[in-house]
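Enquirer: got a predicted structure here, sequence first:
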Amino acid sequence: MDLNSYIDQVRDFMEKIDILNEGTQKKIDWLEEEFSLLKDSIAANDTDKIKHQIYDILFLLFEICVDYDLDLVGEWEIGRQRKQEKYLAELA
């Protein structure tokens, strides 16, 4: 399954619970909270909580992708190529 498929799943969920137009700022606030919880989970070396926090963060990021109708597969490819050019070229 590609990244855009996950975005579609999140969009479907957002439609079902009628939150498509809630705005992005609330999601940013939640991301900050989830990131803090992720740091705590890492400090505690709690793998289960780390996985859960990463899921929550990814879900919120996908919600933001829905808000802006983003194509993550295309962006992933652009970013991957940039990183290869930047970092792998330096090693050659």
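Expert: In hand now; what should we look at? Numbers count the residues shown, from 1 in each chain.

Enquirer: pLDDT on the biggest helix by length in the chain, on average?
Expert: Looking across the chain with DSSP state H, the single longest helix is helix 47-68. In this model, helix 47-68 has an average pLDDT of 98.

Enquirer: that one: which residues count as buried?
Expert: Across helix 47-68, burial judged by 16 or more other C-beta atoms under 10 Å covers 50, 53, 56-57, 59-63, 65-67. Where you see a C-beta, it was placed from the backbone N, CA and C, and this is true even at glycine.

Enquirer: one more: stretch 78-88?
Expert: Per 16+ other C-beta under 10 Å, stretch 78-88 contains no buried residues.

Enquirer: grab the CA positions of that stretch and hand them over as CSV.
Expert: Taking Å, rounded to 0.1, in the frame of the first residue of the first chain, the C-alpha atoms of stretch 78-88 are listed here in CSV:
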residue,chain,number,x,y,z
ILE,A,78,11.3,14.0,-5.2
GLY,A,79,12.7,13.9,-1.7
ARG,A,80,14.4,10.5,-2.2
GLN,A,81,16.1,11.8,-5.4
ARG,A,82,17.3,15.0,-3.6
LYS,A,83,18.7,13.0,-0.7
GLN,A,84,20.5,10.6,-3.1
GLU,A,85,22.0,13.5,-5.0
LYS,A,86,23.0,15.3,-1.8
TYR,A,87,24.3,12.5,0.3
LEU,A,88,25.3,9.7,-2.0
